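**Student:** my questions concern the predicted model and sequence given below.
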Amino acid sequence: MDLSALNNQQKQAVTAGLGPVLVLAGPGSGKTKTLTHRLAYLIEKKLVPPANILALTFTNKAAKEMRGRVAVLLARFVSATEQLTMGTFHAVCAKILRHEIAVLGYGHDFVIFDSQDQQKVIKEILEELRVDTKRLPASMFGALISRAKNLLQLPAELDLGLDSPLREKLAEVYARYQDSLFKQNALDFDDLLMLTVKIMENFPKILQKYQKKFVYVLVDEYQDTNAAQYRLLRMFSEHRNLFVVGDDAQSIYKFRGSDITNILNFEKDFPEAQIIKLEQNYRSTKNILNAAQKVIELNPEQKPKTLWTENPDGEKIILACEEDEQAEGGFVARNIIKLATNQGTGELEYETDDSQKDNDDKPSFSILDRFIKAKKMQAKYSPSLGSFGRGLLPQLPKKHEPLREFCVLYRTHAQSRAIEEALIESSIPYQIVGGLKFYERKEIKDMLAYLRLTLNFRDLVSLKRVVNEPPRGIGDKSYEIIRDFILNFKQDEKSEKPDKSKKLASDSPVLRLSEFRSAFAEVTLQRKAWHSAQDFFAVLGELTEFNEKSALSELMKLVVRKTGYEKYLRDGSEAGESRFENVEELYSVAQKFGNLPWREALSEFLQEVALISEIDQKDESKDAVTLMTLHSAKGLEFDNVFFVGLEEGILPHSRSLLDPSELSEEIRLAYVGLTRARKRLFLVYTHSRRVFGNWQISQPSRILKALPRENMEYRGTAKEHFSGNDGELEYEVT
């Protein structure tokens with residue numbers, strides 16, 4: 001085998017003898033190349049028959065790429081690749097269970113339930129137990145059951161640190177849930193791991209069969225393994241032939257159950273292990289790598305590595321401090337246009353709109369106000385001038401460099417809103433990875449539906465969307481009756497009773513919700529649906545009668561509270577909190593209309609949202625700027641990376657500030673973000689930011705204190721935060 005394309009450390013890993021090996025692979029160090037060459041080397045040198053090799057990954061994409069590369073390397077051994085057992089942990093366990101699950105009483109033809117199927121089963125159980133699902137929602141039980149299974153805890157063994165009443169209720173729901181799955185001959189995603197482990201632990205002959213089969217085990221992204229995966233690997237590595245590749249500095253999935261101690265304690269588990277470090281980086285410039293190295297050194301507990309590269313120094317990292325999130329979005333858009341049109345990365349000139357000089361105390365926070373301004377200016381200025389007036393963001397020309405090498409990274413999806421607005425205004429196509437565009441997210445669409453119904457209860461599109469969201473027991477048949485009643489209802493202005501014999505005319509007067517509700521009391525529905533429908537329209541009545549002088553943001557807060565939507569979203573899960581943060585981001589948007597009565601403000605707001613929804617879908621070109629969270633970015637790389645929101649409370653996240661282990665993971669998240677960049681890296685923070693509708697003074701992230709001054713170039717007021725020659729920032733993190 002030709003190993004000339006490998007560096008010395010990679011060769012050492014590829015040609016290592018049998019026995020346990022830990023390869024600590026820094027970002028951009030050729031991890032996949034090393035792993036695939038190791039596989040091919042074992043087979044070509046006849047150290048291990050291909051049928052006795054197990055290779056495990058965390059994604060189907062990684063497994064497919066690995067198999068393809070090995071096939072190329074072993075072109076002379078056509079059947080070897082086919083004999084390998086290779087795939088994700090879950091896929092391999094499912095394959096094992098198809099053969100062995102009968103010992104647990106299941107049939108070999110079991111089905112695998114997805115998360116929606118899981119929720120349906122749990123909801124039925126909660127109904128049987130008469131559990132208050134508003135206080136204890138099904139999604140919360142689902143998340144807790146998943147956590148228990150990842151820790152290999154059965155209902156009788158629960159130890160999640162919960163208070164006694166909740167622990168007892170969870171144990172009962174969990175037991176019934178497992179019994180229901182068993183009766184349906186079904187497994188959920190977590191069962192694939194847990195039940196495989198249980199079989200291996202309780203049936204020694206089956207374990208011995210697989211220990212004999214899997215003589216050599218290779219694992220990618222070892223730092224991401226959880227308790228169940230770790231236990232399985234320990235049992236399968238009876239021969240001590242365990243080759244793992246990972247990087248503790250990129251362990252960022254604790255919320256999914258990953259346990260960083262698995263990689264930190266590898267030498268304790270295997271004292272005879274060879275430890276090989278891949279420290280040469282082939283991805284980033286020296287400036288970017290130096291900054292990343294300084295940031296990860298903030299982590300107190302780690303396996304030290306010193307990343308280095310033969311790449312050039314490259315351009316200095318740009319650290320910018322902008323006024324707020326709107327200016328942050330503008331900074332990103334302007335620099336993308338400059339780079340995409342080969343204008344370099346020189347300092348940007350900021351212009352102000354002369355028409356706004358007398359309104360400096362009225363900041364703009366709209367969804368589309370900038371876009372609308374741009375459209376108005378198009379009527380005054382020829383598009384050939386390449387400018388739509390002072391204070392507006394520049395437009396991306398039709399002829400430009402490809403955009404696929406531009407990426408914007410942020411801590412949470414809620415941060416995307418201001419970035420999206422700036423990109424839309426500048427006509428820069430984008431795509432969101434690991435999330436939906438802000439105004440396409442389900443929770444945002446639900447909120448908009450409620451707001452539209454507040455103005456017009458006859459909006460059947462919105463009514464159908466939320467009349468049973470959160471679940472109220474109003475099914476499709478009940479909705480159809482309600483729909484028909486609304487369609488046939490005509491208000492008689494001279495009478496308190498409506499004329500039900502005539503359909504609504506197109507020129508009918510505005511219908512009063514109060515009179516509609518009086519007539520609606522006569523509708524024929526099943527008892528539960530009738531009460532729920534009456535309550536639903538009663539809530540709409542309260543919203544409609546909200547104090548006319550109140551602000552739109554206050555109405556929004558009332559909507560989420562009165563409709564039960566806040567409790568519905570905030571179900572105790574990580575995803576639920578993320579969805580509610582997105583809803584709260586709407587409060588920030590509403591501030592643009594702060595001086596208007598809510599009814600007038602809502603009318604304008606909904607009109608602008610309707611426009612942005614249409615424009616948002618106009619250009620879905622694959623050549624687009626990528627927006628994503630840091631958790632979605634691991635394993636990817638781009639020439640140009642904009643890393644935004646580097647402020648205390650965002651990164652590190654506010655939930656991590658009192659927990660050293662959580663804070664360490666936030667530092668690792670920042671490290672992952674920095675090392676996604678190949679050529680250019682822009683770091684951005686703000687003076688202030690509107691968070692959930694309220695202005696907050698921002699404090700630069702403590703992570704910025706570690707940045708080496710010699711590798712930096714400063715923009716905006718970031719210059720003022722640095723002093724002397726030591727690179728220290730002029731602030732203290734509390």
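**Tutor:** Happy to help now that I have it.
**Student:** C-alpha from now on. contacts and neighbour counts both.
**Tutor:** Noted.
**Student:** the closest residue to Val14 other than its chain neighbours: neighbour count?
**Tutor:** Excluding its sequence neighbours, the residue lying closest to Val14 (CA to CA, 6 or more residues apart in numbering) is Arg38, at 4.4 Å. When counting by other CA atoms under 10 Å, one arrives at 22 neighbours for Arg38.
**Student:** which element is Arg38 on?
**Tutor:** helix 31-44 (DSSP states H and E).
**Student:** hey, where'd the helices end up in the stretch 501-650 of the chain?
**Tutor:** Secondary structure of the stretch 501-650 of the chain (DSSP state H, counting those that start in this stretch): helices at 513-520, 527-544, 552-562, 565-569, 574-590, 598-616, 630-633.
**Student:** remind me what the third one packs against, helices and strands.
**Tutor:** Other helices and strands packing on helix 552-562, by 3 or more CA pairs under 8 Å, 6 or more residues apart in numbering; DSSP states H and E, are helix 442-455, helix 527-544, helix 565-569, helix 574-590, helix 598-616.
**Student:** worst average pLDDT in these?
**Tutor:** The weakest mean pLDDT among these belongs to helix 598-616, with a mean of 68.
**Student:** for the stretch 51-200 of the chain, what spans make up the strands?
**Tutor:** 53-57, 85-88, 111-113, 186-188 (DSSP state E, counting those that start in this stretch).
**Student:** could I get the ones you listed as JSON lines with mean pLDDT and mean neighbour count?
**Tutor:** Below are the strands of the stretch 51-200 of the chain laid out as JSON lines (pLDDT from 0 to 100; neighbours: other CA atoms under 10 Å):
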{"stretch": "strand 53-57", "mean pLDDT": "94", "mean neighbour count": "23"}
{"stretch": "strand 85-88", "mean pLDDT": "90", "mean neighbour count": "20"}
{"stretch": "strand 111-113", "mean pLDDT": "77", "mean neighbour count": "16"}
{"stretch": "strand 186-188", "mean pLDDT": "87", "mean neighbour count": "18"}
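**Student:** of those strands, which is nearest Thr341?
**Tutor:** Among those, strand 53-57 comes nearest to Thr341, with 39.7 Å by CA to CA.
**Student:** average pLDDT for the host helix or strand of Leu22?
**Tutor:** Using DSSP H and E, Leu22 falls within strand 21-25. The pLDDT scores in strand 21-25 average 97.
**Student:** got CSV for the helices and strands packed on helix 552-562, with distance to Asp324 and mean neighbour count too?
**Tutor:** Formatted as CSV, those follow (distance: least, CA to CA, whole Å; neighbours: other CA atoms under 10 Å):
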stretch, distance to Asp324, mean neighbour count
helix 442-455, 23, 20
helix 527-544, 32, 17
helix 565-569, 27, 21
helix 574-590, 12, 20
helix 598-616, 21, 16
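**Student:** can you say which of the ones you listed is nearest to Ile432?
**Tutor:** Short answer: helix 598-616, nearest of these by CA to CA, at 11.8 Å.
**Student:** pass me the low-pLDDT residue ranges in the protein, would you?
**Tutor:** Scanning the chain for pLDDT under 70 picks out 116, 345, 347-391, 434-437, 490-511, 607-608, 610-622, 722-734.
**Student:** off-centre distance for the longest strand along it?
**Tutor:** In the chain, with assignment by DSSP state E, the single longest strand is strand 677-686. When C-alpha coordinates are averaged (CA atoms, centre = their mean, to the nearest Å), strand 677-686 and its chain have centres 20 Å apart.
**Student:** please apply the same query to stretch 423-436.
**Tutor:** Taking mean C-alpha positions (CA atoms, centre = their mean), stretch 423-436 and its chain are 15 Å apart.
**Student:** stretch 316-329 too?
**Tutor:** With CA atoms, centre = their mean, you get 22 Å for stretch 316-329.
**Student:** re earlier: list the buried ones in the very next helix or strand once past the longest strand of the chain?
**Tutor:** Downstream of strand 677-686, the next assigned helix or strand under DSSP H and E is strand 688-691. The neighbour-count check on strand 688-691 (16 or more other CA atoms under 10 Å) flags Ser688, Arg689, Arg690, Val691 as buried.
**Student:** just to revisit the earlier point, each with direction, which strands does the strand holding Leu22 pair with?
**Tutor:** strand 242-246 (parallel), strand 274-278 (parallel) (DSSP bridges).
**Student:** relative to helix 31-44, how tilted is the first one?
**Tutor:** Taking axes from the mean of the first three to the mean of the last three CA atoms, to 10 degrees, strand 242-246 and helix 31-44 form an angle of 160 degrees between their directions.
**Student:** for strand 242-246, list the C-alpha coordinates in PDB.
**Tutor:** Presented in PDB, the C-alpha positions along strand 242-246 are these (Å, rounded to 0.1, in the frame of the first residue of the first chain):
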ATOM      1  CA  LEU A 242      -9.900  -1.200  19.700                       C
ATOM      2  CA  PHE A 243      -8.900   1.600  17.300                       C
ATOM      3  CA  VAL A 244     -10.600   4.900  18.100                       C
ATOM      4  CA  VAL A 245     -10.300   8.300  16.500                       C
ATOM      5  CA  GLY A 246     -11.600  11.400  18.200                       C
END
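**Student:** run through who's touching that strand.
**Tutor:** Outside strand 242-246, the residues within contact range by CA atoms under 8 Å, 6 or more residues apart in numbering are 19-25, 31, 35, 216-223, 263.
**Student:** out of the helices of the stretch 501-650 of the chain, nearest to Leu233?
**Tutor:** Using CA to CA, these put helix 630-633 closest to Leu233, at 24.9 Å.
**Student:** which other helices and strands contact that closest one?
**Tutor:** strand 406-410, helix 660-674.
**Student:** deepest in the core, which of these is it.
**Tutor:** strand 406-410 (a mean of 25; mean count of other CA atoms under 10 Å).
**Student:** hang on, the earlier thing: tell me which of the helices of the stretch 501-650 of the chain lies nearest to Asp109.
**Tutor:** helix 574-590 (31.7 Å).
**Student:** counting by contacts, list what that closest one packs against.
**Tutor:** helix 442-455, helix 552-562, helix 565-569, strand 688-691.
**Student:** would you format the ones you listed as CSV with distance to Glu124 included?
**Tutor:** Shown next, in CSV, are the helices and strands packed on helix 574-590 (distance: least, CA to CA, whole Å):
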stretch, distance to Glu124
helix 442-455, 24
helix 552-562, 25
helix 565-569, 17
strand 688-691, 37
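**Student:** and of the ones you listed, who's closest to Lys212?
**Tutor:** Of these, the one closest to Lys212 (CA to CA) turns out to be helix 565-569, at 48.2 Å.
**Student:** who are the packing partners of that closest one?
**Tutor:** helix 552-562, helix 574-590.
**Student:** of all the ones you listed, which one is nearest Lys45?
**Tutor:** That would be helix 574-590 among the helices and strands packed on helix 565-569, by CA to CA, at 47.3 Å.
**Student:** and the angle from that closest one to helix 552-562?
**Tutor:** 150 degrees.
**Student:** dump the C-alpha coordinates for helix 574-590 into CSV.
**Tutor:** Extracted as CSV, the C-alpha positions of helix 574-590 are listed here (Å, rounded to 0.1, in the frame of the first residue of the first chain):
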residue,chain,number,x,y,z
GLU,A,574,-33.9,21.4,24.9
ALA,A,575,-35.9,21.6,21.6
GLY,A,576,-38.9,23.1,23.4
GLU,A,577,-36.8,25.9,24.9
SER,A,578,-35.2,26.6,21.5
ARG,A,579,-38.7,26.9,19.9
PHE,A,580,-39.8,29.3,22.6
GLU,A,581,-36.7,31.4,22.1
ASN,A,582,-37.7,31.8,18.5
VAL,A,583,-41.2,33.0,19.5
GLU,A,584,-39.6,35.5,21.9
GLU,A,585,-37.5,36.8,19.0
LEU,A,586,-40.8,38.0,17.5
TYR,A,587,-41.0,40.5,20.4
SER,A,588,-37.9,42.1,19.1
VAL,A,589,-39.4,42.4,15.7
ALA,A,590,-42.5,44.0,17.2
